[in-house]
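# Structure, please.
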Amino acid sequence: MKINSILIALVCELCLIFTSLSAQQAPTRVPIGHPVPFWSQPPAVPIGHLPPANPQAPIGPVVPIGLSFDGIDFLGSNCGCLPPDTNLAVGNNFVVETVNIQIRVFDRATGNVLLDEPLQTFFGAFSGGDPFVVFDDNAQRWYVSAFDSSDTGLFLAVSNDANPLDGFLPTFDLTAVGGFPDYEKIGFNKDAIFISFNDFGSNGGFARIASIDKAAALSGTLTYFVSTPKNQFRAMPPAQFHGDMTGGTEWFASTDGSDSSGTTMRVTMMTNYLSNSPSFTYTSLPVNAYQNASTANQPGGTITTFPNTTTFQVHFRNGNLVTAMASALAKDGFVFPKGLIYVFSVSGATPTLVREIDLDPGAGVAVQMPSVDQDINGRLGMNWFESSTKEFMSMWVNAIGTKKTKKVLKNATDVTPNAGFMSFNFRIGDYSTTVVDPNDGLTFWGANEFVGLNGGSDIWSTHITSFTAPLK
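Numbering: from 1, shown residues only. Purely as a prediction, here's the structure:
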């Protein structure tokens with residue numbers, strides 16, 4: 001396909017996306033779709049002179065930070081498009097980051113770049129982008145997915161071994177998924193790899209799940225089954241099972257069917273998944289009311305809140321599921337997005353809500369793209385980006401212990417410059433990542449986006465940070 005025809009297709013798709021942006025409070029069901037060329041977007045113009053940034057100061061001692069370095073930025077993405085769709089995985093001696101159509105491998109000890117290439121080179125064929133990468137610490141393999149060349153299926157690459165530099169098996173192409181499988185997310189357990197996606201080809205944009213036989217995939221053979229759960233829009237992310245070799249069950253954590261508002265979260269159990277007749281069991285758990293946020297600010301202007309009220313990453317560890325999303329709460333009139341973190345126990349007869357945590361730095365501060373994981377001691381690590389009329393968009397991290405406390409932001413740490421005006425913001429992104437390093441089970445790694453001092457030309461940047469929870 002010639003590049004001109006690709007760009008025309010992307011711009012045409014953008015027309016569909018924009019139909020939803022005028023109604024942030026009640027989002028319509030349109031695909032998030034490909035990364036979009038930045039030149040097709042009118043830049044936002046700061047209102048008046050930009051006031052000096054005055055970021056939210058940490059309330060107490062900062063979280064212990066380890067290796068911290070910038071990831072792929074706009075100029076290095078080989079795309080000329082936005083948003084970044086930041087995603088990361090960690091395993092053995094490597095950190096792997098993906099953004100729209102680029103993949104980069106870093107040395108885990110130094111942050112040095114070991115591999116940097118477009119998805120077309122990586123997959124061996126053109127990809128529509130939206131990649132997602134995970135490291136399966138049970139199988140010691142890396143999985144990378146993205147749109148295939150036709151945008152009607154999904155590529156899946158499986159590494160030869162635990163070293164991503166040793167190459168990947170020939171790319172699988174999951175073609176029988178319904179057409180335009182948008183916003184895909186990967187999970188895994190003992191015997192399967194799962195990719196959930198919004199099927200805009202044959203299922204009205206609601207979620208579907210591809211269950212891939214792991215043993216077959218590791219040996220180079222693609223065997224998979226596609227199923228349709230109860231209606232769920234925008235995200236039904238499958239859990240990444242860490243340290244569990246039981247098999248037979250896969251878990252999902254999501255909103256209760258809507259990306260608009262709710263008073264419950266849904267925990268879904270899937271069994272018999274390597275067949276054409278899987279079983280789903282749904283549990284709706286009451287939580288504080290949430291609603292799609294309408295407002296986020298930056299010095300001299302605003303930032304979009306599209307899309308929020310959606311989970312995009314779920315981890316399973318020690319009988320618990322952990323997930324996060326951005327959404328507005330009643331205490332500020334459902335205006336500004338805050339970070340909402342949930343811990344569900346799935347070790348009993350039915351799932352239960354163990355912890356519900358609000359990341360709320362204060363009035364008028366927007367928290368977006370939060371993600372979370374749990375270390376082997378049950379402590380939570382999280383990252384997000386925030387902004388306000390006094391704070392440009394920057395990445396924050398924090399970690400908290402197992403005791404329930406209202407001081408969840410006590411050690412919160414800003415890890416990126418607070419310097420750049422976000423001038424192109426029709427969509428905030430698709431993902432961020434927090435994941436525990438399987439080498440020690442204690443070190444968190446986070447990846448998110450921010451805007452640097454030269455944001456007028458290097459429109460977005462990403463940052464990668466390792467950090468640990470305080471001992472107490």
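
# Could you check which helix or strand contains Phe135?
According to DSSP states H and E, Phe135 maps onto strand 129-136.

# Quick check: Ser279 vs Ser196, distance?
Distance of Ser279 to Ser196, computed by C-beta to C-beta, to the nearest Å: 16 Å. Every residue, glycine included, has its C-beta placed from N, CA and C.

# And those two? Which one has more around it.
Using other C-beta atoms under 10 Å, the more surrounded residue of Ser279 and Ser196 is Ser196, with 26 against 11.

# My guess is that one contacts Ala207. True?
Yes - taking contacts as C-beta atoms under 8 Å, Ser196 lies within contact range of Ala207: 5.7 Å.

# any common contacting residues for those two?
Ala235, Met236 (C-beta atoms under 8 Å, 6 or more residues apart in numbering).

# Which element, helix or strand, includes the nearest residue to Leu359 once chain neighbours are set aside?
Closest residue to Leu359 in three dimensions, ignoring its sequence neighbours and counting by C-beta to C-beta, 6 or more residues apart in numbering: Gly339, at 2.9 Å. Using DSSP H and E, Gly339 sits in strand 337-345.

# Can you give me the neighbour number for the residue nearest to Ser461 when sequence neighbours are not counted?
Nearest residue to Ser461 in three dimensions, chain neighbours excluded: Asp73, at 4.3 Å (C-beta to C-beta, 6+ apart). Neighbourhood size, Asp73 [other C-beta under 10 Å]: 19.

# contacting residues for Asp73?
Asp73 sits in contact with Gly452, Asp458, Trp460, Ser461, Thr462, where contact means C-beta under 8 Å, 6+ apart.

# so who does Thr268 touch?
Counting by C-beta under 8 Å, 6+ apart, Thr268 makes contact with Pro229, Lys230, Met236, Trp251, Phe252, Ala253, Ser254, Phe280, Thr281, Tyr282, Thr283.

# buried subset of those?
Among those, those classed as buried by 16 or more other C-beta atoms under 10 Å are Pro229, Met236, Trp251, Phe252, Ala253, Ser254, Phe280, Thr283.

# Including distance to Gly220, pLDDT and secondary structure, could those residues go into JSON lines?
Shown next, in JSON lines, are the buried ones among the contacts of Thr268 (distance: C-beta to C-beta, whole Å; pLDDT from 0 to 100; DSSP: H, G, I helix; E, B strand; the rest coil):
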{"residue": "Pro229", "distance to Gly220": "29", "pLDDT": "97", "secondary structure": "coil"}
{"residue": "Met236", "distance to Gly220": "28", "pLDDT": "96", "secondary structure": "coil"}
{"residue": "Trp251", "distance to Gly220": "28", "pLDDT": "98", "secondary structure": "strand"}
{"residue": "Phe252", "distance to Gly220": "28", "pLDDT": "98", "secondary structure": "strand"}
{"residue": "Ala253", "distance to Gly220": "32", "pLDDT": "98", "secondary structure": "strand"}
{"residue": "Ser254", "distance to Gly220": "32", "pLDDT": "98", "secondary structure": "strand"}
{"residue": "Phe280", "distance to Gly220": "30", "pLDDT": "98", "secondary structure": "strand"}
{"residue": "Thr283", "distance to Gly220": "37", "pLDDT": "98", "secondary structure": "strand"}
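
# how near is the residue nearest to Ser461 to His242?
Taken as C-beta to C-beta, the span from Asp73 to His242 is 30 Å.

# which residues of the stretch 1-150 of the chain score low on pLDDT?
1-28, 48-61 (pLDDT under 70).

# all strands for it, in order.
36-37, 65-70, 81-82, 87-91, 94-99, 102-107, 113-118, 129-136, 141-147 (DSSP state E, counting those that start in this stretch).

# any chance of those strands in JSON lines, with distance to Ile303 and mean neighbour count too?
What follows is these, written out as JSON lines (distance: least, C-beta to C-beta, whole Å; neighbours: other C-beta atoms under 10 Å):
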{"stretch": "strand 36-37", "distance to Ile303": "16", "mean neighbour count": "20"}
{"stretch": "strand 65-70", "distance to Ile303": "20", "mean neighbour count": "15"}
{"stretch": "strand 81-82", "distance to Ile303": "13", "mean neighbour count": "24"}
{"stretch": "strand 87-91", "distance to Ile303": "20", "mean neighbour count": "26"}
{"stretch": "strand 94-99", "distance to Ile303": "19", "mean neighbour count": "26"}
{"stretch": "strand 102-107", "distance to Ile303": "23", "mean neighbour count": "21"}
{"stretch": "strand 113-118", "distance to Ile303": "28", "mean neighbour count": "14"}
{"stretch": "strand 129-136", "distance to Ile303": "21", "mean neighbour count": "26"}
{"stretch": "strand 141-147", "distance to Ile303": "26", "mean neighbour count": "25"}
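
# can these go into JSON lines with extra columns for distance to Asn163?
Listed next are the strands of the stretch 1-150 of the chain as JSON lines, based on distance: least, C-beta to C-beta, whole Å:
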{"stretch": "strand 36-37", "distance to Asn163": "34"}
{"stretch": "strand 65-70", "distance to Asn163": "19"}
{"stretch": "strand 81-82", "distance to Asn163": "30"}
{"stretch": "strand 87-91", "distance to Asn163": "9"}
{"stretch": "strand 94-99", "distance to Asn163": "7"}
{"stretch": "strand 102-107", "distance to Asn163": "10"}
{"stretch": "strand 113-118", "distance to Asn163": "10"}
{"stretch": "strand 129-136", "distance to Asn163": "11"}
{"stretch": "strand 141-147", "distance to Asn163": "9"}
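
# Between these, which one is closest to Asn439.
Closest of the strands of the stretch 1-150 of the chain to Asn439 is strand 87-91, at 8.1 Å (criterion: C-beta to C-beta).

# Mind giving me the packing neighbours of the closest one?
For strand 87-91, the packing partners by 3 or more C-beta pairs under 8 Å, 6 or more residues apart in numbering; DSSP states H and E come out as strand 94-99, strand 129-136, strand 433-436, strand 444-450.

# I'd like the average pLDDT over the last one.
In this case it means strand 444-450. The average pLDDT for strand 444-450 rounds to 97.

# Send over stretch 204-222 as PDB, restricted to the C-alpha atoms.
Provided in PDB are the C-alpha atoms of stretch 204-222 (Å, rounded to 0.1, in the frame of the first residue of the first chain):
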ATOM      1  CA  GLY A 204     -21.000  -3.100  17.000                       C
ATOM      2  CA  GLY A 205     -17.800  -2.200  18.700                       C
ATOM      3  CA  PHE A 206     -18.300  -4.400  21.700                       C
ATOM      4  CA  ALA A 207     -15.600  -6.600  23.200                       C
ATOM      5  CA  ARG A 208     -14.600  -9.900  21.800                       C
ATOM      6  CA  ILE A 209     -11.800 -12.200  23.000                       C
ATOM      7  CA  ALA A 210      -9.300 -14.300  21.000                       C
ATOM      8  CA  SER A 211      -8.000 -17.200  23.100                       C
ATOM      9  CA  ILE A 212      -4.800 -18.600  21.600                       C
ATOM     10  CA  ASP A 213      -3.400 -22.000  22.500                       C
ATOM     11  CA  LYS A 214      -0.100 -21.200  24.200                       C
ATOM     12  CA  ALA A 215       1.700 -24.500  23.700                       C
ATOM     13  CA  ALA A 216       0.900 -24.400  20.000                       C
ATOM     14  CA  ALA A 217       2.000 -20.800  19.700                       C
ATOM     15  CA  LEU A 218       5.300 -21.400  21.400                       C
ATOM     16  CA  SER A 219       6.000 -24.200  19.000                       C
ATOM     17  CA  GLY A 220       5.100 -22.000  16.000                       C
ATOM     18  CA  THR A 221       1.500 -23.000  15.300                       C
ATOM     19  CA  LEU A 222      -1.500 -20.700  15.500                       C
END
